[in-house]
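S.K.: got a predicted model here, sequence first, then my questions.
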Amino acid sequence: MPVLLAGSIATDHLMHFPGRFSEQLLADQLHQVSLSFLVDDLVVRRGGVAANIAYGMGQLGERPVLVGAVGEDFADYRAWLERNGVDCKSVHISEELHTARFVCTTDEEMCQIASFYAGAMSEARNIELRPAVERTGAELVVISADDPAGMVRHSVEARELGYRFAADPSQQIARMSGEELLLLIEGAELLFTNEYEKNLLESKTGLTEAQVHERIGVRITTQGKRGVEIVGRGVERVHVPVAKERAKLDPTGVGDGFRAGFLAGRSWGLSWERAAQVGSLLATLVLETIGTQEYEVTPSDFGDRLAESYGDEVAAEILPYLTA
């Protein structure tokens, strides 16, 4: 059965600053920052958290179901996703607003400054999950970064209807209140964050790490170059290092790539460790390309790179699922 991915669908405007942001920020002047960065590159790509995850799962042979709100300018993007294995029949089309825009500048140290215009995404709060779940038989709902009111609505609906769900608030933690975050995570089977988001979520909700664990099943925390940590009920602590990289071009969407691989791995019945290894390699493929959906997975190459990063035994266990 497929995974239902509820979240943002956007167009990414990605720029590069040939310097270091840290050298332009004065510690005693942060209260009145007024800066303009002259960039030397601009690319426009398809993006959005849920769409990025859906594309990655499609590359691994899954048939994810995408749920989100877009504008009438979505036609070309829809065709792209459907060619890559994504079910877009439950995407809501706004009659008034354009598809969301993500504008991001990356410096020489892979640090980023970004802004996000919601546009049609604000109508995600009007989307009901039940029709998509009943149409597809989705066995897991992933509630990723989206309109905050929509995220809360989806979490409440999932609890009321007994749907298994994962909470993936990512960048919306900065926007959401502590009360909204509590409503989002309560009863989640999985909780995805990076390390900074983990700490911010605890700060905004007023919960300790242990108290968060009481409200969820399993917590997956990505830790940048140190890999990923998995802890939770009935799960011995798992740590998986990052996959070996061949280039470092753009970190945008790396976390989405990890989630795509991890969710695909778990849907195949892989262990927490093996699923995280699939996710970590997919994240590395994203890092090696400009744009969040510009990579392509081929089973033979993916298997070779799994062996390179985690050993022949790991590759032999995972490869049959890629060629099924």
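M.R.: In hand now; what should we look at?
S.K.: okay, the closest residue to Ser94 other than its chain neighbours: pLDDT?
M.R.: Distance criterion C-beta to C-beta, 6 or more residues apart in numbering; nearest residue to Ser94, sequence neighbours excluded, is Ala120 at 3.8 Å. Heads up, the C-betas are built off the backbone N, CA and C, glycines and all. pLDDT recorded at Ala120 is 97.
S.K.: where does pLDDT dip in the chain?
M.R.: Applying pLDDT under 70 to the predicted model, the chain contains no residue that meets it.
S.K.: please name the residues that touch the residue nearest to the spatial centre of it.
M.R.: Central residue check for the chain by C-alpha atoms, centre = their mean: the C-alpha nearest the mean position is that of Asp256, 3.0 Å away. Asp256 is in contact with 49, 52-53, 56, 286, 292, counting by C-beta atoms under 8 Å, 6 or more residues apart in numbering.
S.K.: re earlier: number of residues surrounding the residue nearest to Ser94?
M.R.: For Ala120, the number of neighbouring residues by other C-beta atoms under 10 Å comes to 25.
S.K.: so what's Gly255 up against?
M.R.: Neighbouring residues of Gly255 by C-beta under 8 Å, 6+ apart: 170, 192, 194, 222, 283.
S.K.: and the helix or strand hosting it, how far out from the chain middle?
M.R.: Assigned by DSSP states H and E, Gly255 falls within helix 254-267. Distance of helix 254-267 from the chain centroid (C-alpha atoms, centre = their mean, to the nearest Å) equals 8 Å.
S.K.: can you give me the angle the next helix or strand along the chain from it makes with helix 254-267?
M.R.: Once the chain leaves helix 254-267, the next helix or strand it forms, by DSSP H and E, is helix 272-287. Relative orientation of helix 272-287 versus helix 254-267 (axes from the mean of the first three to the mean of the last three C-alpha atoms, to 10 degrees): 140 degrees.
S.K.: can you give me the buried ones in the helix or strand just after helix 272-287?
M.R.: Tracing the chain C-terminally past helix 272-287 and defining elements by DSSP H and E, one meets helix 299-310 next. Neighbour-count burial for helix 299-310, with 16 or more other C-beta atoms under 10 Å as criterion, is recorded at 299, 302-303, 305-307, 309-310.
S.K.: could you do stretch 246-266 as well?
M.R.: 249-266.
S.K.: sec struct for Phe102, please.
M.R.: Three-state assignment for Phe102 (DSSP: H, G, I helix; E, B strand; the rest coil): strand.
S.K.: meant to ask about Thr221, not that
M.R.: strand.
S.K.: from Gly253, how far off is it?
M.R.: Distance, Thr221 to Gly253, by C-beta to C-beta, to the nearest Å: 18 Å.
S.K.: so which residues of the stretch 1-150 of the chain form helices?
M.R.: Defined through DSSP state H, counting those that start in this stretch, the helices belonging to the stretch 1-150 of the chain, from first to last, are 49-59, 75-83, 130-136, 148-161.
S.K.: would you reformat the ones you listed as JSON lines and include distance to Leu38 and mean neighbour count?
M.R.: Formatted as JSON lines, the helices of the stretch 1-150 of the chain follow (distance: least, C-beta to C-beta, whole Å; neighbours: other C-beta atoms under 10 Å):
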{"stretch": "helix 49-59", "distance to Leu38": "28", "mean neighbour count": "29"}
{"stretch": "helix 75-83", "distance to Leu38": "30", "mean neighbour count": "15"}
{"stretch": "helix 130-136", "distance to Leu38": "44", "mean neighbour count": "15"}
{"stretch": "helix 148-161", "distance to Leu38": "33", "mean neighbour count": "20"}
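S.K.: between those, which gets nearest to Ile318?
M.R.: Distance to Ile318, taken as C-beta to C-beta, is lowest for helix 49-59 among these, at 14.2 Å.
S.K.: angle of that closest one against helix 75-83?
M.R.: Inter-element angle recorded for helix 49-59 and helix 75-83: 40 degrees (by the same axes, to 10 degrees).
S.K.: make JSON lines out of the contacts of Asp256 and add distance to Glu139.
M.R.: Formatted as JSON lines, those follow (distance: C-beta to C-beta, whole Å):
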{"residue": "Val49", "distance to Glu139": "20"}
{"residue": "Asn52", "distance to Glu139": "21"}
{"residue": "Ile53", "distance to Glu139": "16"}
{"residue": "Gly56", "distance to Glu139": "18"}
{"residue": "Val286", "distance to Glu139": "25"}
{"residue": "Thr292", "distance to Glu139": "25"}
